[in-house]
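Chemist: have a look; sequence and predicted model below, questions after that.
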Amino acid sequence: MRPDGQSVKAVSFAKLESPTMAIPPLAPYPATRLRRLRQADWTRKMVRETSLTPNDLIWSMVVHDGQEARIPVASMPGMERLSVKEAAKAAVQARDLGIPAIAVFPHIDGAKKDGYGTEAHNPNGLIADAVKAMKDAAPEVGIMCDVALDPFTDHGHDGLLENGRILNDATIERLIAQGLMQAEAGADILAPSDMMDGRVGALRSALESHGLTDVMIMSYAAKYASAFYGPYRDAIGSSKALQGDKKTYQMDPGNTEEALREVALDIAEGADMVMVKPGMPYLDIIRRVVEAFAMPTFAFQVSGEYAMIMAAGGKGWIDEERAMLESLQAFKRAGAAGIITYFAPRAAKLLIG
Ligand code: PBG
């Protein structure tokens, strides 16, 4: 109802109704010409509702345990696995570009993988080394670590595998050891991406009991069993290893209400921030989560999204830079607080001009 008592017929506006938003009383054309505000760059800038800055970006980065400085990832043109030394330089670059944080993922030598993902909590392993090197080089940059076993297991699953089943509670024990090791190495944010039930609460109480009370948790709260992770598994060297799929722990792409339950649980268990993953195919979920919980909600623009833009760009089928920035802007428009993305350094450079 409008203040004058007349009911509003504009169905498309009525659908967007929220308690804080009044329905604008639009004058009919030609009194209203929406194109007036689009006539010049300055007017478009003046009325733009959301904007993207380097502060919105979390740099998704893969490190490896070899000596080679940079190793290209075939399915992700422009992406390279970095040595620990290069990662430290990249942290400095992140700081200089105004990128607040880096999410670091490991690619380890296959010989170090086993059924239990033992290497995941090695205090002298690749992740500990990378975190320390990056925090030494640029302490002002936040470091976020993935809590999950898949880069370390010979079967490529995020949890322990027994007779074809992923064990929930036994996996959590491993994740706690991994998360504590990461926090003790200096990680600022733990990001459990494993999708076991109860892992956020278990991690939070382990951090509390070890006096690591300032360590943040960004949970991969609504993480879907997605085809868009393909190139990542190539990047961390788990694609050949992976037996079967991850559908018994990652979410079914058809579900929304379940995503809200996942997010609600993670918040109740002590998550400081939540994430929706993948990104672009799940913008509706981001919007729902932001509206329902008013929590800092992040989108992960995953490897497959990156690969699609780069592949089409490389063929000259789309304008790669514009598509990249538009895809990132879309997350802000959907309500995301920020985006975890492989494009972070490139996008930041363009944004700061
Ligand atoms: C695994 C993990 C995955 C990603 C981040 N952590 C892949 C998976 O669940 O198989 C995906 C990242 C990407 O595709 O960019 N714990």
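Modeler: Thanks, I have it.
Chemist: what are the ranges of the strands in the stretch 1-150 of the chain?
Modeler: Listed in chain order, the strands of the stretch 1-150 of the chain (DSSP state E, counting those that start in this stretch) span 57-64, 70-72, 80-82, 101-107, 142-147.
Chemist: could you dump those to a markdown table with mean neighbour count and distance to residue 187?
Modeler: Yep, even glycine has a C-beta here, placed from its N, CA and C like the rest. Converted to a markdown table, those look like this (neighbours: other Cβ atoms under 10 Å; distance: least, Cβ to Cβ, whole Å):
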| stretch | mean neighbour count | distance to residue 187 |
| --- | --- | --- |
| strand 57-64 | 26 | 13 |
| strand 70-72 | 12 | 23 |
| strand 80-82 | 21 | 17 |
| strand 101-107 | 24 | 8 |
| strand 142-147 | 25 | 4 |
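Chemist: mind checking which of the ones you listed is nearest residue 285?
Modeler: strand 57-64 (18.2 Å; Cβ to Cβ).
Chemist: what is the rounded mean pLDDT of the closest one?
Modeler: For strand 57-64, the mean per-residue pLDDT is 98.
Chemist: packing partners for that strand?
Modeler: With contacts taken as 3 or more Cβ pairs under 8 Å, 6 or more residues apart in numbering; DSSP states H and E, strand 57-64 sits against strand 80-82, helix 84-97, strand 101-107, helix 126-137, strand 338-341, helix 344-352.
Chemist: so can I have TSV of the ones you listed showing distance to the ligand?
Modeler: Below are the helices and strands packed on strand 57-64 laid out as TSV (distance: least, Cβ to the nearest ligand atom, whole Å):
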stretch	distance to the ligand
strand 80-82	13
helix 84-97	17
strand 101-107	7
helix 126-137	13
strand 338-341	8
helix 344-352	12
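Chemist: which residues of the protein lie near the ligand?
Modeler: Contact residues (Cβ under 6 Å from any ligand atom) of the chain with the ligand: 146, 148, 150, 158, 193-194, 229, 232-233, 246, 302-303.
Chemist: minimum pLDDT in the residues you listed, which residue is that?
Modeler: Among the residues of the chain next to the ligand, residue 233 has the lowest pLDDT, at 89.
Chemist: residue 270: neighbouring residues, count only.
Modeler: 16 (other Cβ atoms under 10 Å).
Chemist: I'd like the distance between it and the ligand.
Modeler: As for residue 270, its distance to the ligand is 20 Å (criterion: Cβ to the nearest ligand atom, to the nearest Å).
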